[in-house]
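>>> using only what follows, build the 3D model:
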Amino acid sequence: MGSIDQIVIIHMSDLHISDTADFDVMQALPVSRRSIREFTGLAPGDPLHYVISGDFTKTGSPREFQLADDYLRSKCRIVVGDELADPVGLEIADQSLLARVPGNHDNWGGQSIVTAPGSDPISIRHHFGPLPWRRIWRSTAGRIELEIFGMDSSAGLSSAPAITQRGAFAQADLDSLQDLLAASGWASLGIQRIRAIVFHHALAFEARLTLAANDVLEGLEFARASVKAAAQSVTYSGPRISDQAIS
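The predicted structure is shown next:
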């Protein structure tokens, strides 16, 4: 029996990597890949793909970003108690299989939520590169394409303290996303294309966005129209949280 033509994605959010991160979770994620391969029937030579939808770090400090990058690319060692823990990491050798966007914690520059800015575009560009971005992942047999777009859902925030703000898209980013979608063209005959937009803040809590809910949803209306041409559409974002919690 032949293998299924598919794209298998591990979606992670709110890793909050730091020296106080949950070491058990950091250990479990690499091990879980074996179960994911078995569950999905992914052939041994077919790659896993990874999406990280924000809050890569706990406070966005240089130390945390270095730990987080090491965790993805090779292995890192965090402090557990008074000692360095054993090295642990996902060891993603091919970075083209990884898509990531920032969350609100990644904007804090090592500060607390009380003093940190809502948005730090210089730091975000340094650690995540230009946003929004577009890339295409293809299945091994080439019959499926995942066209994936990355957005920063904190880019519309100000330098005011993060504790006073919630997620907001920047209008310039929405305009850029519209241009990327318009330029992407149609999938070739016989190819199933799936479009996905990755960002951190959950739109289910639009009342918490500092942009009016209608502004955000109207800004994404062009995406809905473009997605109609795809067989499916997907949105990857952070966890759905209560109004009392801080994402």
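>>> show me where this protein has its strands.
In the chain, the strands defined using DSSP state E lie at 8-12, 48-53, 79-80, 83-84, 98-101, 133-138, 144-150, 192-198, 232-236.
>>> what strands line up against the first one, and which way round?
Listed by DSSP bridges, the sheet partners of strand 8-12 and their directions read strand 48-53 (parallel).
>>> average pLDDT across the partner strand?
The predicted model assigns strand 48-53 a mean pLDDT of 95.
>>> what is the helix ranked longest in the chain packed up against?
Longest helix in the chain, counting residues (DSSP state H): helix 23-40. Applying 3 or more Cβ pairs under 8 Å, 6 or more residues apart in numbering; DSSP states H and E, we find helix 23-40 packed against strand 8-12, strand 48-53. Every C-beta, even on glycine, is put in place using the N, C-alpha and C of the backbone.
>>> show me what the residue nearest the centre of the chain bridges to in the sheet.
Nearest residue to the geometric centre of the chain (Cα atoms, centre = their mean): Ser53, 2.1 Å. Here Ser53 shows beta-bridge partners Val101, assigned using DSSP bridges.
>>> returning to what we had before: contacting residues around the longest helix of the chain?
The contact list for helix 23-40, computed with Cβ atoms under 8 Å, 6 or more residues apart in numbering, reads 4, 6, 8, 10, 12, 15, 17, 42, 44, 48, 71, 78, 80, 85, 88-91.
>>> if I look at the nearest residue to Trp108 once chain neighbours are set aside, how far off is His201?
Counting by Cβ to Cβ, 6 or more residues apart in numbering, Ala116 is the residue found nearest to Trp108 once chain neighbours are left out, at 3.5 Å. In this view, Ala116 and His201 are 16 Å apart by Cβ to Cβ, to the nearest Å.
>>> neighbour count winner among the two?
Ranked by neighbour count (other Cβ atoms under 10 Å), Ala116 and His201 place His201 first, with 26 against 21.
>>> if you drop the residues flanking it in sequence, what lies closest to that one?
In this structure, His201 finds its nearest non-sequential neighbour in Gly167, 3.1 Å apart by Cβ to Cβ, 6+ apart.
>>> so for the longest helix of the chain, what gets flagged as buried?
Neighbour-count burial for helix 23-40, counted by 16 or more other Cβ atoms under 10 Å, picks out 23, 26, 29, 40.
>>> hmm, back to that, who wins for proximity to Ala183 among the helices and strands packed on helix 23-40?
Each of the helices and strands packed on helix 23-40 was scored for nearness to Ala183 using Cβ to Cβ, and the closest is strand 48-53 (22.0 Å).
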